[in-house]
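Novice: need a structure here:
(chains A, B, C and D)
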2 protein chains.
Amino acid sequence: MPNMKHIAKMAGVSLGTVSHVINNSARVSEPLRQRVLEAVDALHYQPSALARGLRRDKTNMIGMVIPDVTNPFFPAVVRGAEDTAFANGYRLVLCNTDNSHAKEMEHLEQLRTYLPAGLIIIPSSFGKLSEEVESFRRSGAAVVFLDRMPRNWKGDSVTVSNNDGAFRAVQYLIQLGHKRIACITGPLHLPNAQERLAGYKRGLKLAGIPILEDYVRKSTFDRVGGYNDALALLRLRNRPTAIFAQNDLMAMGTLLAIRELKLRCPQDVSVIGFDDLDVTELMDPPLASIRQPGYQLGSTAVQMLLDRVNVDEVRAAPGQHRVLGTELRIRESVAPPNATIGGKQPTR
Amino acid sequence: MPNMKHIAKMAGVSLGTVSHVINNSARVSEPLRQRVLEAVDALHYQPSALARGLRRDKTNMIGMVIPDVTNPFFPAVVRGAEDTAFANGYRLVLCNTDNSHAKEMEHLEQLRTYLPAGLIIIPSSFGKLSEEVESFRRSGAAVVFLDRMPRNWKGDSVTVSNNDGAFRAVQYLIQLGHKRIACITGPLHLPNAQERLAGYKRGLKLAGIPILEDYVRKSTFDRVGGYNDALALLRLRNRPTAIFAQNDLMAMGTLLAIRELKLRCPQDVSVIGFDDLDVTELMDPPLASIRQPGYQLGSTAVQMLLDRVNVDEVRAAPGQHRVLGTELRIRESVAPPNATIGGKQPTR
DNA sequence: ATTACATTTTGAAAGCTTTCAATTACTCCA
DNA sequence: TGGAGTAATTGAAAGCTTTCAAAATGTAAT
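Specialist: Take a look at the predicted model:
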């Protein structure tokens, strides 16, 4: 592999000149400039990202730390991030944490040794993580939190209007005539789960519907979680007529549970999810959901990160906290309670 | 950030000794060793991956080049890869190519400047790509092709039994009584599309069913592709009673097309896909499919890659070509032709 | 032609690690 | 105690780039 020395020799100039031409870091007379460019072309020269990073104290890599690509909400986010990173000459290092604090920390510590330009994090733990991240930032990396954010984070972040989305979903259900509305939440140490829960409660409160302990089930953001807790809800003496699952994976689990108990959706139970995955419209029944702009979430995060990187040293610029909108998508999984004659009556 | 010099000074030893302790690259007396380790601990020292890579001519990064994480088949593959990479101290750089040759090349050229330990590629083009990859390999990186492979590739690869999977799907349909079986293929310059098509043809041939031009539609591996070509198939005078879509995304498009034309699946048309995505069982109707072990595909690829990296310089070791099995998953989207009374008769 | 000044160009240092040849320390035996 | 031989330790070079102070070149004015 050719290096700068080769170029310098071939073009008959010094190392410094080659560097200046390549980086446009100083005025170089046209003839020399041409000779260098020709040599670069002839030898197919590409600067070593390692040496460059070592010298500059910063590489063009962005660490992206997420819980699990396999959760169908995340690929769009990753894609949005990768696209705008790529477009700006940056690369993405993907790290799955499985919501494990230990893995999260291990990834971060490793990443740091690469001097990445920045970090995009969908955190699953807080506390020690925040410290680690703060130290990252002090050492010059830009950090953007995505989707979830530590309570007292002062830097940049992108999230969605979780509270509002949930609120409007509940409001819609109430409008249809539902009074017994349950909620399956994600792990409540996660801010987004908290916010969606708050939105749910706000909706009920506004309509004067009391909030029942039994109707709020703390679960995990995956299908089996949704399945299990839906089962529990559906077996209540006072079975809910509508279930709001805090993400689509849990909503799918809910649909399975409904099927398992030989109930029907939406006649016996309405279901509404959160995320609006691509597949929702193909499901049986098509799943109503609250749309989150996944791709945009990722691309915005990288955009903010790069802004921060480029503004360079104006660390004074206060952290931005951008919130993207959500949108209610109604589909056949919701209907007024006891919509059809023959809908099974609740056991009480 | 602390560096080796700091450690050396603190422990009262030379740079060389620190390095030896950290890498176990030479015998170091126990007292010195302890002092170094203590210093490392005290200062929270971590070797610079950049300097190390520069010196060693190789980093612990693996470039993973795929068409699009957003295609729901890939996340599992990526996850499998990332997991076994992580477990072995390697990191994944994710690159989406959108099936674009140009992007593919750009990613590769960029990756090379990082001296990655290896590359895992799901290629979307061949020809020039193969050259580039070959040159990568000569420069010391291990390369594994995944899912698709250039025709004359001599190195490592992991794929699945595409031909066989397709064959068995077709065989099953025939067994149910279908005679008019169509196939929606992926882009035929992709080997996996080719192989699945070959399997389809083999199945028909074996049963003595003639292969109709009209029943084979070359499409793209996504939902709209499937939708459009399914529409075309369903409008044929001699409408097929079963459609084999070469991946689940296209199969979903097919279901939409069927719905659009007010036909019913499986009564009017049976549908079978390929991939067996997680969501298939929740669809309407649940989609029969040929299962591919996505996670295993990714993890095997990284495993092979690391084997190659570690065996070190025994470049003589011949390329391995591993083929993972596929499995037929029958669900309600397939049934005998004209299963129910009232199934619309084909218009001639 | 000389001086002063602006513009280009250069060479070396720094960034951090690994590795190898050379040096130092140590053990054992005569 | 001296010397041979082995084991442990060291220091410097190399890997590739960027950057800065210094050197060289060019221009203009006197």
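Novice: okay, helices next: where are they in chain A?
Specialist: Secondary structure of chain A (DSSP state H): helices at A:4-11, A:15-23, A:30-43, A:49-56, A:74-87, A:101-112, A:128-138, A:162-176, A:191-206, A:223-234, A:248-260, A:294-311.
Novice: and those, which is most packed in?
Specialist: Most buried of the helices of chain A, by mean neighbour count (mean count of other CB atoms under 10 Å in any protein chain shown): helix A:248-260, with a mean of 25. Yep, even glycine has a C-beta here, placed from its N, CA and C like the rest.
Novice: pull the CA atoms of that helix into CSV?
Specialist: C-alpha atoms of helix A:248-260 as CSV (Å, rounded to 0.1, in the frame of the first residue of the first chain):
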residue,chain,number,x,y,z
ASP,A,248,-45.7,-3.1,18.4
LEU,A,249,-43.7,-6.2,19.4
MET,A,250,-45.8,-6.3,22.6
ALA,A,251,-48.9,-5.6,20.6
MET,A,252,-48.2,-8.6,18.5
GLY,A,253,-47.8,-10.7,21.6
THR,A,254,-51.1,-9.4,22.6
LEU,A,255,-52.7,-10.5,19.4
LEU,A,256,-51.3,-13.9,19.9
ALA,A,257,-52.7,-14.0,23.5
ILE,A,258,-56.1,-13.0,22.3
ARG,A,259,-56.1,-15.7,19.7
GLU,A,260,-54.9,-18.2,22.2
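Novice: what's the spacing between the residue lying closest to A:Arg217 once chain neighbours are set aside and DNA strand D?
Specialist: Nearest non-adjacent residue to A:Arg217, counting by CB to CB, 6 or more residues apart in numbering or on different chains: A:Asp229, 4.0 Å away. A:Asp229 sits 54 Å away from DNA strand D when distances are taken as CB to the nearest atom of the strand, to the nearest Å.
Novice: residues touching A:Asp229, list them.
Specialist: Counting by CB atoms under 8 Å, 6 or more residues apart in numbering or on different chains, A:Asp229 touches A:184, A:217-219, A:250, A:253.
Novice: tell me the pLDDT of the closest residue to DNA strand D within the stretch 51-200 of chain A.
Specialist: Per CB to the nearest atom of the strand, A:Ala51 is where the stretch 51-200 of chain A lies closest to DNA strand D, at 3.2 Å. If you check A:Ala51, the pLDDT there is 97.
Novice: show me what contacts the spatially closest residue to it that is not a sequence neighbour?
Specialist: Nearest residue to A:Ala51 in three dimensions, chain neighbours excluded: B:Leu54, at 5.6 Å (CB to CB, 6+ apart). For B:Leu54, the contact set (CB under 8 Å, 6+ apart) comprises A:48, A:50-51, A:54.
Novice: at 7 Å instead, please
Specialist: With contact set as CB atoms under 7 Å, 6 or more residues apart in numbering or on different chains, B:Leu54 has these partners: A:50-51, A:54.
Novice: in chain A, what secondary structure element scores lowest on mean pLDDT?
Specialist: Each helix and strand of chain A was given a mean pLDDT (mean pLDDT, DSSP states H and E); the minimum falls on helix A:128-138 at a mean of 89.
Novice: and chain A, which of its residues are near chain B?
Specialist: Residues of chain A lying close to chain B (CB under 7 Å from any CB of the partner chain) are A:1, A:46-51, A:53-54, A:69-70, A:72, A:75-76, A:78-79, A:82, A:91-94, A:96, A:109-110, A:113-115, A:139, A:252, A:255, A:279, A:282-284.
Novice: how many neighbouring residues does A:Lys154 have?
Specialist: 11 (other CB atoms under 10 Å in any protein chain shown).
Novice: which residues does it contact?
Specialist: Contacts of A:Lys154 (CB under 7 Å, 6+ apart): A:Gly319.
Novice: please repeat the previous calculation with a cut-off of 10 Å.
Specialist: A:134, A:137, A:318-319, A:321 (CB atoms under 10 Å, 6 or more residues apart in numbering or on different chains).
Novice: gap between A:Ser29 and A:Ile258?
Specialist: According to CB to CB, to the nearest Å, A:Ser29 and A:Ile258 sit 76 Å apart.
Novice: quick one: contacts for the residue of the stretch 51-200 of chain A closest to DNA strand D?
Specialist: A:3-4, B:50-51, B:53-54, B:113.
Novice: now for the closest residue to chain B within the stretch 101-250 of chain A: which residues touch it?
Specialist: Going by CB to the nearest CB, chain B is nearest to A:Thr113 of the stretch 101-250 of chain A, at 4.1 Å. A:Thr113 sits next to B:1, B:46-53, B:60 when contact means CB under 10 Å, 6+ apart.
Novice: if we use 6 Å, what do you get?
Specialist: For A:Thr113, the contacting residues are B:46, B:48-49, by CB atoms under 6 Å, 6 or more residues apart in numbering or on different chains.
Novice: for A:Arg223, state which of these is nearest.
Specialist: Within these, the smallest distance to A:Arg223 is 37.0 Å, found for B:Ala49 (CB to CB).
Novice: got a list of what that closest one touches?
Specialist: A:113-114.
Novice: how about A:Ser29?
Specialist: So A:Ser29 contacts nothing (CB under 6 Å, 6+ apart).
Novice: roughly how far does it sit from DNA strand C?
Specialist: According to CB to the nearest atom of the strand, A:Ser29 and DNA strand C sit 3 Å apart.
Novice: return the distance of the nearest residue to A:Ser25 once chain neighbours are set aside relative to A:Val28.
Specialist: Once flanking residues are discounted, A:Ser25 sits nearest to A:Ser19: 6.8 Å by CB to CB, 6+ apart. Using CB to CB, we find A:Ser19 at a distance of 10 Å from A:Val28.
Novice: and for A:Ser139?
Specialist: As judged by CB to CB, A:Ser139 and A:Val28 stand 33 Å apart.
Novice: I'm done for today, thanks for sticking with me.
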